[in-house]
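K.L.:
Show me how the following folds:
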Amino acid sequence: MSENEGTKTDIVSEYGDDAVDVEKFLVAVAWGNNEARKSLSLPAGRYLIGDSAFATIRINSSGSNLCGVLQASPEKITIKCTGPQPVMFVEGRKLSIGDTVILADVMEMVIGATRVIVASVSGKSTAMQLHMAEKKPEGKAKAITTQDFVNSCGGDPDRIRALISRTLLEELDLDGIDLARIDSDDTRRKTRLQLKKIVGELIFPTDFPFTPAEFEQQVFDEVMGLGPLEAILGDASVTEIMVNRRDQIFVERKGSLTLSPVRFSSDQALLNVIERIVSTVGRRIDVASPIVDARLLDGSRVNAVIPPLALKGPCLTIRRFSKTPISVPQLVAWGALSEEMKVFLKILVDERKNIVISGGTGSGKTTLLNALSSFIPDGERIITVEDAAELQLQQAHVISLETRPANLEGAGAITIRDLVKNTLRMRPDRIVVGECRGGEALDMLQAMNTGHDGSMTTAHANTPEDLLRRLETMVMMSGMALTLRAIREQIVSAVSIVVQISRRRNGRRLITEIAWVKGIEKENAEYISEPLFKRDANDDPVICWPALKKLWEEEGLPGSAESSLKLANVPPPPKRRTSKTVD
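P.N.:
So this is what the prediction gives:
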């Protein structure tokens with residue numbers, strides 16, 4: 001007899017003819033009591049849940065309500081709450097209308113007063129989980145133990161970790177607790193003691209790939225923190241973490257991507273981590289709002305996408321920032337900018353010139369903005385505006401503002417544009433906007449044009465010229481009926497300098513150009529801009545002396561270009577053209 005045939009026989013003995021055929025069916029469902037036990041083996045499809053006669057999973061015959069839908073496909077199995085009655089609880093959590101739960105291996109539900117067990121059919125071990133989970137002790141019979149569940153998992157570490165995590169969450173009532181509370185010493189101590197007790201009583205397979213201590217730590221991380229990501233976050237060399245799905249996690253080190261061996265035990269475990277992260281910053285993620293931007297407690301930027309938008313399960317991206325802000329001298333040492341660029345940018349900040357940092361995703365715009373902000377004098381009042389707070393300004397007089405998404409009713413959203421408008425009433429000396437990508441660009445330009453010189457922001461663009469045109473598009477997104485010429489006049493009046501930063505294929509990040517926005521032509525209103533610094537074919541910095549001298553004169557910068565750059569030990573412009581100078 002084959003393994004699959006043995007599985008079918010086991011289930012037949014308990015449930016009758018509706019046995020689980022692992023080659024045909026995707027999900028098995030069992031509910032009821034010993035007198036009126038029901039079970040179904042379901043192929044791919046959509047199945048109604050409730051006490052209506054139309055329900056496939058019908059918990060009783062006294063009502064006419066539909067409360068949920070079970071959607072089964074080879075990729076995933078989900079349960080969605082669609083109605084208020086009967087009330088649905090999944091793993092101890094009450095579902096609201098619109099909530100969706102992704103099935104891991106085996107899951108307990110309570111619908112009304114009926115206990116329902118749902119299991120994915122992926123082999124003998126899962127069929128046995130359903131068999132044991134649904135079977136209730138009769139009289140004084142011994143209840144199913146955690147060891148029974150471990151034995152049913154066939155030695156799979158992910159399944160065992162998921163089962164023990166669920167057991168721990170239920171016993172300590174930790175499900176849904178946010179990171180701020182779960183990080184308390186008392187909670188961690190109680191969880192550690194209970195976990196040691198559970199793991200200490202288990203007998204693991206002889207070929208189990210982890211020691212009990214290693215496995216205990218994995219479960220502890222999954223229940224109390226960020227699961228397998230805890231180990232990655234402990235590696236200071238990792239700058240970005242990309243969770244494509246529960247079992248595929250990439251990390252970035254020094255600009256290069258590598259596949260990490262760590263993985264989540266289930267989609268639900270990954271979703272639990274995402275929910276904990278977003279709850280700490282007062283945000284939510286669910287079917288109605290399946291995309292969210294948030295941050296970790298250490299300031300790392302987080303983006304999450306969950307089903308139905310993420311087709312292979314929840315996705316999570318974490319961009320880490322150094323606990324100690326990266327300084328301008330560090331950027332010089334790494335070759336991101338030259339010593340003369342550093343001196344020039346400091347003069348611009350001191351002289352309150354408006355600067356826009358332009359670059360692609362992951363090029364280092366926020367890092368550079370944070371570094372340049374260190375040049376702002378301590379006595380000035382600075383207000384930062386961001387979607388998710390990332391900037392780490394070191395001055396004493398700093399106010400940090402962060403946007404807020406809409407609530408469950410779709411009201412209460414506070415956008416960057418709202419915050420930029422409000423900063424004008426807060427008596428700022430300088431405004432620093434983390435990133436402009438919409439109508440807030442108009443408000444930022446108006447602030448720069450109305451006495452808030454020395455402000456800074458970032459935007460996505462590939463070149464300084466592209467940046468200026470992107471600003472046009474963003475201003476148009478504000479809904480104001482402005483002519484193209486009026487928009488361009490606003491831009492050239494507000495923006496003095498564009499700093500272009502790029503990431504090379506080898507992962508190296510560097511300032512590739514610093515451009516001066518001179519104005520627009522009178523006849524056709526085309527932009528007039530000139531590069532002041534750029535890179536040659538070998539990525540060595542090049543000073544464009546004629547444009548730099550003209551900038552010094554027209555912008556009224558102190559001293560002269562030659563005398564100022566002497567601070568960086570830069571020789572004066574030679575009379576002849578060289579490979580490092582543009583005459």
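K.L.:
what kind of secondary structure is Asn462 in?
P.N.:
coil (DSSP: H, G, I helix; E, B strand; the rest coil).
K.L.:
try Arg469
P.N.:
Of the three states, Arg469 takes helix under three-state DSSP.
K.L.:
Quick check, pLDDT for Leu532.
P.N.:
You'll see Leu532 listed with a pLDDT of 95.
K.L.:
in a strand, that's where it is, yeah?
P.N.:
Yes. Checked against three-state DSSP, Leu532 lies within a strand.
K.L.:
and Arg381, how many neighbours does it have?
P.N.:
Using other Cβ atoms under 10 Å, Arg381 has 13 other residues around it. C-beta here means a position set from N, CA and C on the backbone, and glycine is covered the same way.
K.L.:
End to end on stretch 44-55, go ahead and measure it.
P.N.:
Distance between the boundary residues of stretch 44-55 (Cα to Cα, to the nearest Å) amounts to 16 Å.
K.L.:
Give the rounded mean pLDDT of that stretch.
P.N.:
Stretch 44-55 comes out at a mean pLDDT of 83.
K.L.:
so how far is the helix or strand where Val243 lies from its chain's centroid?
P.N.:
Val243 belongs to strand 238-245 when assigned by DSSP states H and E. How far strand 238-245 lies from its chain's middle: 9 Å, per Cα atoms, centre = their mean, to the nearest Å.
K.L.:
other SSEs contacting it?
P.N.:
Counting by 3 or more Cβ pairs under 8 Å, 6 or more residues apart in numbering; DSSP states H and E, the packing neighbours recorded for strand 238-245 are helix 229-233, strand 248-253, strand 315-319.
K.L.:
Convert it to PDB, retaining C-alpha atoms only.
P.N.:
The C-alpha trace of strand 238-245 is given here as PDB (Å, rounded to 0.1, in the frame of the first residue of the first chain):
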ATOM      1  CA  VAL A 238      22.800  44.200   6.000                       C
ATOM      2  CA  THR A 239      21.400  47.400   4.600                       C
ATOM      3  CA  GLU A 240      18.100  46.100   3.100                       C
ATOM      4  CA  ILE A 241      15.900  43.100   3.700                       C
ATOM      5  CA  MET A 242      13.500  41.900   1.000                       C
ATOM      6  CA  VAL A 243      10.900  39.300   1.900                       C
ATOM      7  CA  ASN A 244       9.400  38.200  -1.400                       C
ATOM      8  CA  ARG A 245       7.400  35.400   0.300                       C
END
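K.L.:
tell me the angle of it relative to strand 248-253?
P.N.:
170 degrees (axes from the mean of the first three to the mean of the last three Cα atoms, to 10 degrees).
K.L.:
Can you list the strands that strand 238-245 pairs with?
P.N.:
strand 248-253 (antiparallel), strand 315-319 (antiparallel) (DSSP bridges).
K.L.:
Let's have those strands in TSV, adding mean neighbour count and mean pLDDT.
P.N.:
Formatted as TSV, the strands paired with strand 238-245 follow (neighbours: other Cβ atoms under 10 Å; pLDDT from 0 to 100):
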stretch	mean neighbour count	mean pLDDT
strand 248-253	17	94
strand 315-319	21	93
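K.L.:
Pipe these into a markdown table and attach distance to Leu259 per row.
P.N.:
Listed next are those as a markdown table, based on distance: least, Cβ to Cβ, whole Å:
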| stretch | distance to Leu259 |
| --- | --- |
| strand 248-253 | 6 |
| strand 315-319 | 15 |
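K.L.:
which stretch among the ones you listed comes nearest Asn60?
P.N.:
The closest of these to Asn60 is strand 315-319. By Cβ to Cβ, the value is 38.7 Å.
K.L.:
Give me the next element, helix or strand, following that closest one.
P.N.:
Using DSSP H and E, the helix or strand that follows strand 315-319 in sequence is helix 328-333.
K.L.:
which helices and strands does that next one pack with?
P.N.:
Here helix 328-333 touches helix 339-350, helix 365-372, going by 3+ Cβ pairs under 8 Å, 6+ apart.
K.L.:
Out of those helices, which one sits most buried?
P.N.:
helix 365-372 (a mean of 23; mean count of other Cβ atoms under 10 Å).
K.L.:
Next, the angle helix 365-372 makes with whatever helix or strand comes next after that one.
P.N.:
Once the chain leaves helix 365-372, the next helix or strand it forms, by DSSP H and E, is strand 382-386. Counting by the same axes, to 10 degrees, strand 382-386 lies at 170 degrees to helix 365-372.
K.L.:
I'd like the helices and strands packed on strand 238-245 written out as JSON lines, with distance to Thr206 added.
P.N.:
JSON lines is the format used below for the helices and strands packed on strand 238-245 (distance: least, Cβ to Cβ, whole Å):
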{"stretch": "helix 229-233", "distance to Thr206": "25"}
{"stretch": "strand 248-253", "distance to Thr206": "28"}
{"stretch": "strand 315-319", "distance to Thr206": "34"}
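K.L.:
quick one on the thing from earlier: figure out which of the helices and strands packed on helix 328-333 is closest to Lys38.
P.N.:
Across the helices and strands packed on helix 328-333, closest to Lys38 is helix 365-372 (Cβ to Cβ), at 55.9 Å.
K.L.:
Tell me which other helices or strands the closest one touches.
P.N.:
In terms of contacts (3+ Cβ pairs under 8 Å, 6+ apart), helix 365-372 is packed against helix 328-333, strand 355-359, strand 456-460, strand 497-503.
K.L.:
Would you mind listing the outside residues contacting that helix?
P.N.:
321, 325-328, 330-331, 336, 345, 349, 355, 357-359, 390-393, 432, 434-435, 456-458, 499, 501, 509, 511 (Cβ atoms under 8 Å, 6 or more residues apart in numbering).
K.L.:
buried subset of those?
P.N.:
Buried subset of the contacts of helix 365-372 (neighbour count, 16 or more other Cβ atoms under 10 Å): 321, 325-326, 328, 331, 336, 345, 349, 355, 357-359, 390-393, 432, 434-435, 456-458, 499, 501, 509, 511.
K.L.:
Just put the helices and strands packed on helix 365-372 in CSV and tack on mean pLDDT and distance to Ile102.
P.N.:
Output for the helices and strands packed on helix 365-372, formatted as CSV (pLDDT from 0 to 100; distance: least, Cβ to Cβ, whole Å):
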stretch, mean pLDDT, distance to Ile102
helix 328-333, 92, 42
strand 355-359, 96, 36
strand 456-460, 94, 32
strand 497-503, 96, 34
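K.L.:
sorry, back to before: out of the strands paired with strand 238-245, which gets nearest to Met88?
P.N.:
Between these, strand 315-319 lies closest to Met88; by Cβ to Cβ that is 25.7 Å.
K.L.:
Tell me how far Gly282 lies from Gln71.
P.N.:
As for Gly282, its distance to Gln71 is 31 Å (criterion: Cβ to Cβ, to the nearest Å).
K.L.:
More neighbours: those two, which one.
P.N.:
Using other Cβ under 10 Å, the more surrounded residue of Gly282 and Gln71 is Gln71, with 18 against 11.
K.L.:
Need the three-state assignment for that one.
P.N.:
At Gln71 the chain is in strand, as set by three-state DSSP.
K.L.:
Please give me every residue in contact with it.
P.N.:
Gln71 neighbours (Cβ under 8 Å, 6+ apart): Gly45, Arg46, Tyr47, Ile77, Thr78, Ile79, Lys80.
K.L.:
roughly how far apart are it and Asp99?
P.N.:
14 Å.
K.L.:
Need the overlap of contacts for the two.
P.N.:
Lys80.
K.L.:
rewinding a little: ChimeraX command for the buried members of the contacts of Gln71?
P.N.:
Buried subset of these, written as a ChimeraX selection, criterion 16+ other Cβ under 10 Å:
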select :47,77,78,79,80
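K.L.:
Ser120: which of the helices and strands packed on strand 238-245 is closest?
P.N.:
Closest among the helices and strands packed on strand 238-245, using Cβ to Cβ: strand 248-253, at 18.8 Å.
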